[in-house]
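K.L.:
This is the structure alone, sequence omitted:
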């Protein structure tokens, strides 16, 4: 049976490898997360003007990276993850967040709560295409009202530096089925999913104009400063590898 993204991190070894490797200090993912943190903090700060109390849900919360950050920014947060191995790691990381191991996309699962802010990081790119709309609808159903926000990202924007290697990886993958990582996605592919879920897109925060090779060439700090400038550029933003979307109910 082919491995799906939903089952990829069920084993504890895979969960630990993701935790210690992908976001290790000094990596490109760590650098982009530095920028994403600032972007997410700004989103929450803006929400405070209309929502004095913010209850959040971190969907597909993994090892708790987003959940642990969010719990210091909002009043209450729940992390929901399908992998028990990931949940075990997240529980060790958070201080007051609630970690729940459950599949809220399963058929006939009742909505367990309503939230002011829902985050879904690194899910939609590598999820099976059939899951994208189901997930978007499930998360939309959990938004409390029209001032509530769904914040999710696409960390493999095709119209970025990844485009140069796309033909190679496309040919390499032919006949092997869908991968659980290393995929590509565009905003154009996501917009119909957003619309079909009864949502509208408010804003996009980009990051990652340069590739990870820039860290080896210029060093971490110089690369971070360059990436921070690029993230604020209207011209370069759509060409960044990471696109952070902010959506709400229509």
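P.N.:
Looks like it came in fine. Since the structure is predicted, the reported quantities are computational estimates derived from the model, not experimental observations.
K.L.:
Please, which helix or strand holds residue 209?
P.N.:
Using DSSP states H and E, residue 209 sits within no helix or strand.
K.L.:
wait, it sits on residue 239?
P.N.:
Yes. Using C-beta atoms under 8 Å as the test, residue 209 is close enough to residue 239 to be in contact (6.1 Å). Where C-beta positions appear, they are placed from N, C-alpha and C, glycine not excepted.
K.L.:
Quickly list what's touching both of those two.
P.N.:
Counting by C-beta atoms under 8 Å, 6 or more residues apart in numbering, the contacts common to residue 209 and residue 239 are 160, 161.
K.L.:
Need the single longest helix in this structure, by residues.
P.N.:
Taking DSSP state H as the criterion, the chain has its longest helix at helix 28-47.
K.L.:
by contact count, what packs against that helix?
P.N.:
helix 65-70, strand 117-120, strand 149-154, strand 199-207, helix 220-231, strand 242-249 (3 or more C-beta pairs under 8 Å, 6 or more residues apart in numbering; DSSP states H and E).
K.L.:
Adding mean neighbour count and distance to residue 164, write those out as CSV.
P.N.:
Below are the helices and strands packed on helix 28-47 laid out as CSV (neighbours: other C-beta atoms under 10 Å; distance: least, C-beta to C-beta, whole Å):
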stretch, mean neighbour count, distance to residue 164
helix 65-70, 24, 28
strand 117-120, 24, 28
strand 149-154, 25, 18
strand 199-207, 18, 18
helix 220-231, 16, 17
strand 242-249, 22, 17
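K.L.:
Take the ones you listed and write them to JSON lines, including distance to residue 42.
P.N.:
Shown next, in JSON lines, are the helices and strands packed on helix 28-47 (distance: least, C-beta to C-beta, whole Å):
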{"stretch": "helix 65-70", "distance to residue 42": "13"}
{"stretch": "strand 117-120", "distance to residue 42": "13"}
{"stretch": "strand 149-154", "distance to residue 42": "11"}
{"stretch": "strand 199-207", "distance to residue 42": "8"}
{"stretch": "helix 220-231", "distance to residue 42": "12"}
{"stretch": "strand 242-249", "distance to residue 42": "10"}
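K.L.:
Of all these, which one comes closest to residue 50?
P.N.:
Within the helices and strands packed on helix 28-47, the stretch nearest residue 50 is strand 149-154; the backing value is 10.2 Å (C-beta to C-beta).
K.L.:
That closest one pairs with which strands, parallel or anti?
P.N.:
In the sheet, strand 149-154 lines up against strand 117-120 (parallel), strand 242-249 (antiparallel) (DSSP bridges).
K.L.:
Could you check the angle the last one makes with helix 28-47?
P.N.:
Same thing as strand 242-249. Using axes from the mean of the first three to the mean of the last three C-alpha atoms, to 10 degrees, the direction of strand 242-249 lies 30 degrees away from that of helix 28-47.
K.L.:
ok, and what's touching strand 242-249?
P.N.:
32, 36, 39-40, 43, 140, 143, 145-155, 157, 187, 190, 194, 198-208.
K.L.:
try 6 Å this time
P.N.:
Residues outside strand 242-249 that contact it (C-beta atoms under 6 Å, 6 or more residues apart in numbering): 32, 39, 143, 146, 149-155, 157, 194, 199, 201-208.
K.L.:
now swap in the shortest one and tell me
P.N.:
Surrounding strand 117-120, the residues in contact under the criterion C-beta under 6 Å, 6+ apart are 54, 56, 57, 58, 59, 60, 66, 139, 149, 150, 151, 152.
K.L.:
Tell me where the model's unsure across this protein.
P.N.:
Applying pLDDT under 70 to the chain flags the ranges 1-20, 165-182.
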